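Asker: fold the stuff below for me.
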Amino acid sequence: MSTTTRTESETTTDSTPTLPAWQAGGAGGLAGALAFGTMMAMMTPAMLSEMIPAMYGLEGGLVGWIVHMSHGAAIGVAFAALASAGPLREYTATTGGAAVAGLVYGIAVWALLAVIVMPIWLGMPEMVPNLDVGSLVGHSLYGVLLGIVYGALT
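Answerer: Reported below is the predicted structural model:
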């Protein structure tokens, strides 16, 4: 009678999903945008149904969601380009490091796009700087979720 013994490496496989950085960034951006959009829909529904679509001469809640989610994915891919290159690559190699990097990125996106670009794009330069705290919280939430998903998938 023979006995076969398996080593741990033979019986355990690493099933952690990994994606190319740009796909992980896109997925993280969608996750963050969904959470931020849900927050917006509850707190400032006109932002999704009127302001965001108006950036493109459009109107309607569904259109606002589509534009918002598209922005989230594209900005997530840009995060992946930054996170996977240079000195950030090692820092974002862990989910915790990627979450912190995502938070910083979310705040930077808020400071540039929500505070300055969006009011000008909508023809309201008198609103610059648009220092809305709810928007800061939403962009921070977006960034943290972006980083967590990115870190988990890469």
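Asker: spatially nearest residue to the spatially most central residue of the chain, not counting backbone neighbours?
Answerer: Per C-alpha atoms, centre = their mean, the C-alpha nearest to the average position across the chain is that of residue 29, at 3.0 Å. If the residues on either side of it in the chain are set aside, residue 29 comes closest to residue 76, at 2.0 Å by C-beta to C-beta, 6 or more residues apart in numbering. Where C-beta positions appear, they are placed from N, C-alpha and C, glycine not excepted.
Asker: where does the one you found land on pLDDT?
Answerer: According to the model's per-residue confidence, residue 76 sits at a pLDDT of 98.
Asker: what helix or strand is it located in?
Answerer: Secondary structure here is read from DSSP states H and E; on that basis residue 76 sits in helix 61-83.
Asker: need the CA coordinates for stretch 92-108. CSV is fine.
Answerer: Output of stretch 92-108 as CSV, limited to C-alpha atoms (Å, rounded to 0.1, in the frame of the first residue of the first chain):
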residue,chain,number,x,y,z
THR,A,92,0.5,51.4,-4.3
ALA,A,93,1.5,47.8,-4.3
THR,A,94,-0.5,47.2,-1.1
THR,A,95,-4.2,47.8,-0.8
GLY,A,96,-3.6,50.2,2.2
GLY,A,97,-1.0,52.2,0.3
ALA,A,98,-3.3,52.4,-2.8
ALA,A,99,-6.2,53.5,-0.6
VAL,A,100,-4.1,56.4,0.9
ALA,A,101,-2.9,57.3,-2.6
GLY,A,102,-6.5,57.2,-3.8
LEU,A,103,-7.6,59.5,-1.0
VAL,A,104,-4.9,62.0,-2.0
TYR,A,105,-5.8,61.7,-5.6
GLY,A,106,-9.5,62.2,-4.9
ILE,A,107,-8.8,65.4,-3.0
ALA,A,108,-6.6,66.6,-5.9
